[in-house]
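*Asks:* Sequence and predicted model, in that order:
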Amino acid sequence: MGTHDRVGTFIEQWRRERPDLDPSPMAVIGRMRRISDDFTTELIRNYRRFGLGEGEFDVLCALRRAGMPFALSQGDLAEHTMVTAGATSKRVDRLEAAGLVVRSQREDDTRGRIVELTPEGRALIDEAYPAHLRTERQLLSSLSDDERSQLERLLRKLVRD
């Protein structure tokens, strides 16, 4: 991540070319998109250190957060990872092939499937998640604790779930 502010350049250009328009929303939205892209690149680099993609990391985290027995239905996994059931199924397929999760039938519904962390999956996410937090902390290191808290409060106002 460089210090050059392309968004600021774009805003100046729009102000010059279209002084009748107010490009100020771009100052926030454009920078949020740039930061998101840059941060995602760094996070994915960290996931790859553990042989994971972003989606697989999300599934392992959802299962680990669920607590003992570290199992969720595929529908619950889709909800917890905020992707479609089809995308969840593909992620689970890859994790199952790697021996990090197992699928089993739900006892109360023969159509339903439960996804559970294997001991190897739990060990991997227990190693990868602290590294993820270190990466996130590093990405935010230019902000003071107070600035991070303030930014978190402001971003919460924009969340639309």
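*Replies:* It's in.
*Asks:* CA atoms for contacts and neighbours, from now on please.
*Replies:* Noted.
*Asks:* Can you name the element that comes right after the one helix or strand I125 maps to?
*Replies:* Assigned by DSSP states H and E, I125 belongs to helix 119-139. Toward the C-terminal end, the helix or strand that comes next after helix 119-139 (DSSP H and E) is helix 145-158.
*Asks:* Check which residues of that next one are buried.
*Replies:* Residues of helix 145-158 classed as buried by neighbour count (16 or more other Cα atoms under 10 Å): none.
*Asks:* Tell me which residues are up against that helix.
*Replies:* L140 (Cα atoms under 8 Å, 6 or more residues apart in numbering).
*Asks:* Equivalent analysis for stretch 122-138, please.
*Replies:* E42, L43, N46, Y47, F50, F57, L60, C61, R64, L100.
*Asks:* Roughly how far does the third one sit from R134?
*Replies:* Right, N46. 10 Å (Cα to Cα, to the nearest Å).
*Asks:* Looking at these two, which one has more neighbours?
*Replies:* N46 (20 against 13; other Cα atoms under 10 Å).
*Asks:* can you pull the contacts of that one?
*Replies:* N46 neighbours (Cα under 8 Å, 6+ apart): A131, H132, T135.
*Asks:* can you rerun that using 6 Å?
*Replies:* With contacts defined as Cα atoms under 6 Å, 6 or more residues apart in numbering, N46 has no neighbours.
*Asks:* which stretch of helix or strand covers it?
*Replies:* helix 24-49.
*Asks:* quick one: average confidence on the helix or strand that that helix is followed by?
*Replies:* Per DSSP H and E, helix 24-49 leads on to helix 54-65 as the next helix or strand towards the C-terminus. Helix 54-65 shows a mean pLDDT of 94.
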